[in-house]
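>>> The amino acid sequence is not available; the structure is as follows:
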């Protein structure tokens with residue numbers, strides 16, 4: 001028995017963002033934030049939302065939530081070591097991880113776009129994810145395909 005108490009990750013409650021009063025958006029702003037500059041990240045995301053609203057003529061928060069839903073993967077592969085061999089075992093993705101993967105993919109593929117200015121890149125990637133196109137959706141499909149192709153190793157899940 002260990003002498004020290006085992007510490008578990010304690011989930012902190014995130015405050016909703018100031019403009020849209022949404023906790024999911026607040027978490028995404030934290031992903032966009034670099035070097036602790038939260039107000040700069042908020043400016044970028046809100047400017048991207050204005051561009052989304054101008055282009056699609058819809059509520060940008062609803063477009064964003066639909067884009068995140070489209071990006072969330074259902075299955076992923078996790079490595080399991082069994083008898084000296086490592087198998088890629090397909091497992092269901094927990095809800096918190098689904099959301100974080102969607103945020104990461106949206107942010108990283110927006111960074112890789114060729115448009116000028118990050119708010120424009122982010123707006124275009126949100127619109128692409130909303131329309132089920134773009135690099136983030138391709139990444140989700142690749143993850144799903146890998147999980148499907150390794151379905152034979154599903155019995156190693158424990």
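Looks like it came in fine. Remember, it's a predicted structure, so these values are computed and weren't measured experimentally.
>>> Is residue 18 in contact with residue 43, as I believe?
No - because the distance of 11.7 Å does not satisfy C-beta atoms under 8 Å, residue 18 is recorded as not touching residue 43. Using the backbone N, CA and C atoms, a C-beta is placed for each residue, glycine as well.
>>> Enumerate every residue touching the residue minimising distance to the centre of the chain.
Here the mean C-alpha position of the chain is nearest to the C-alpha of residue 102 (C-alpha atoms, centre = their mean), at a distance of 1.8 Å. Shown in contact with residue 102 (C-beta atoms under 8 Å, 6 or more residues apart in numbering): 68, 71-73, 136.
>>> swap the cut-off to 10 Å and go again
Applying C-beta atoms under 10 Å, 6 or more residues apart in numbering, we find residue 102 in contact with 24, 28, 31, 67-73, 129, 136, 139-140.
>>> now the residues you listed: which count as buried?
Using 16 or more other C-beta atoms under 10 Å as the burial test, these include 24, 28, 31, 67-68, 70-73, 129, 136, 139-140 as buried.
>>> Closest one of those to residue 8?
Closest to residue 8 out of those is residue 31 (22.9 Å), distances taken as C-beta to C-beta.
>>> Pull out the buried positions in stretch 100-107.
Taking 16+ other C-beta under 10 Å as the basis for neighbour counts, the residues of stretch 100-107 that come out buried are 100-103, 105-107.
>>> coming back round to it: want to throw the buried ones among the contacts of residue 102 into CSV with pLDDT?
Putting the buried ones among the contacts of residue 102 into CSV (pLDDT from 0 to 100) gives the following:
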residue, pLDDT
24, 92
28, 93
31, 93
67, 93
68, 93
70, 93
71, 93
72, 92
73, 91
129, 93
136, 90
139, 91
140, 91
